[in-house]
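S.K.: no letters, just coordinates:
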């Protein structure tokens, strides 16, 4: 493990009313301890999990639009506004890795084409592949060396089968690398012995896989699909 904890330096925040300082995350968290080589940030949209992951990427020196330390390009609204207000504790510190941001992956793929770097991503332009194929090409070819890998909703373009393929990649690298992943996927967060941090709780705290709403809602739906849909549609129709 490399990254041990993340602290929000609230004494440096002047205005708590503007984004992202108005997020529930700011009130709910002081220091978050990282205890596993594979950690998942889970919670509803707006809970702050992606914002915190982006701030970590900023402090790691990665491009907050997506990429590593050497990927220089700009995407509007990708600035890590929280980045200057978090402190990372390392043992040991590492500077290699990657920030994968599903929201701006198209712009990242364009950047790779512009710099002629697609040979490092399987020898084909990421734009010449399907969305899911391009995500897996990134994971297979770019995630190789020891490093810290930050993934923001990597399941966005992945079928269930390809999410399982990503789990295998994580398993192959987890012995010498660290992963922190913001996700809604009950498949990904089922990775064995992973640390799962629930951003919906107050304070933000660790949660077991079976206690996540993602697992419970998915299981309930799969086991009682007709009943769940009937109740849902009846409620909507009222």
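M.R.: Nice, thanks for sending it over. Source: prediction; values computed, not measured. Numbering: from 1, shown residues only.
S.K.: going by C-alpha atoms from here, please, whenever you check contacts or count neighbours.
M.R.: Noted.
S.K.: okay, now the domains of this protein?
M.R.: As given by automatic domain parsing, the domain ranges for the chain are 3-207, 210-238.
S.K.: out of the ones you listed, deepest packed?
M.R.: With neighbours taken as mean count of other CA atoms under 10 Å, these reach their highest mean count in domain 3-207, at a mean of 18.
S.K.: what about that one, start to end distance?
M.R.: The stretch domain 3-207 measures 19 Å between its terminal residues, going by CA to CA, to the nearest Å.
S.K.: what does stretch 142-160 give?
M.R.: Criterion CA to CA; first-to-last residue distance in stretch 142-160 is 21 Å.
S.K.: likewise stretch 185-198?
M.R.: Across stretch 185-198, the straight-line distance between its terminal residues is 13 Å, by CA to CA.
S.K.: again with stretch 60-68
M.R.: Taking CA to CA, the span from the opening residue of stretch 60-68 to its closing residue is 9 Å.
S.K.: separation between the residue nearest to residue 210 when sequence neighbours are not counted and residue 186?
M.R.: Spatially, and ignoring its direct neighbours in sequence, residue 210 is nearest to residue 216 (6.8 Å; CA to CA, 6 or more residues apart in numbering). With distances taken as CA to CA, residue 216 is found 9 Å from residue 186.
S.K.: now swap in residue 125 and tell me
M.R.: Using CA to CA, residue 125 is found at 30 Å from residue 186.
S.K.: ok, now residue 135?
M.R.: As judged by CA to CA, residue 135 and residue 186 stand 19 Å apart.
S.K.: so how far is stretch 225-233 from its chain's centroid?
M.R.: Using CA atoms, centre = their mean, to the nearest Å, the mean C-alpha position of stretch 225-233 is found 31 Å from that of the whole chain.
S.K.: could you do stretch 42-61 as well?
M.R.: With CA atoms, centre = their mean as the basis, the mean position of stretch 42-61 lies at 7 Å from the chain mean.
S.K.: okay, how far is it across it, tip to tip?
M.R.: By CA to CA, one end of stretch 42-61 lies 24 Å from the other end.
S.K.: give the rounded mean pLDDT of that stretch.
M.R.: With pLDDT averaged residue by residue, stretch 42-61 scores 94.
S.K.: got it, and stretch 80-90?
M.R.: The predicted model assigns stretch 80-90 a mean pLDDT of 91.
S.K.: and the contacts of it?
M.R.: 2-10, 12-13, 20-21, 51-52, 54-56, 58-59, 64 (CA atoms under 8 Å, 6 or more residues apart in numbering).
S.K.: which strands and helices sit next to the least confident helix or strand in the chain by mean pLDDT?
M.R.: Taking mean pLDDT, DSSP states H and E as the measure, helix 105-114 is the helix or strand of the chain with the lowest mean score, a mean of 79. Taking 3 or more CA pairs under 8 Å, 6 or more residues apart in numbering; DSSP states H and E as contact, there are no helices or strands that helix 105-114 lies on.
S.K.: got any ranges where the chain has weak pLDDT?
M.R.: Applying pLDDT under 70 to the chain flags the ranges 72-79, 236-238.
S.K.: what about the helices in it?
M.R.: Under the criterion DSSP state H, the chain contains helices at 24-28, 49-60, 105-114, 131-142, 160-173, 213-223, 225-237.
S.K.: distance of the closest residue to residue 71 other than its chain neighbours from residue 145?
M.R.: Here the nearest residue to residue 71 in space, its sequence neighbours aside, is residue 63; by CA to CA, 6+ apart that works out to 6.3 Å. Remark: distance between residue 63 and residue 145 (CA to CA) = 18 Å.
S.K.: what's the answer for residue 84, then?
M.R.: Summarising the geometry, the distance separating residue 84 from residue 145, computed by CA to CA, is 27 Å.
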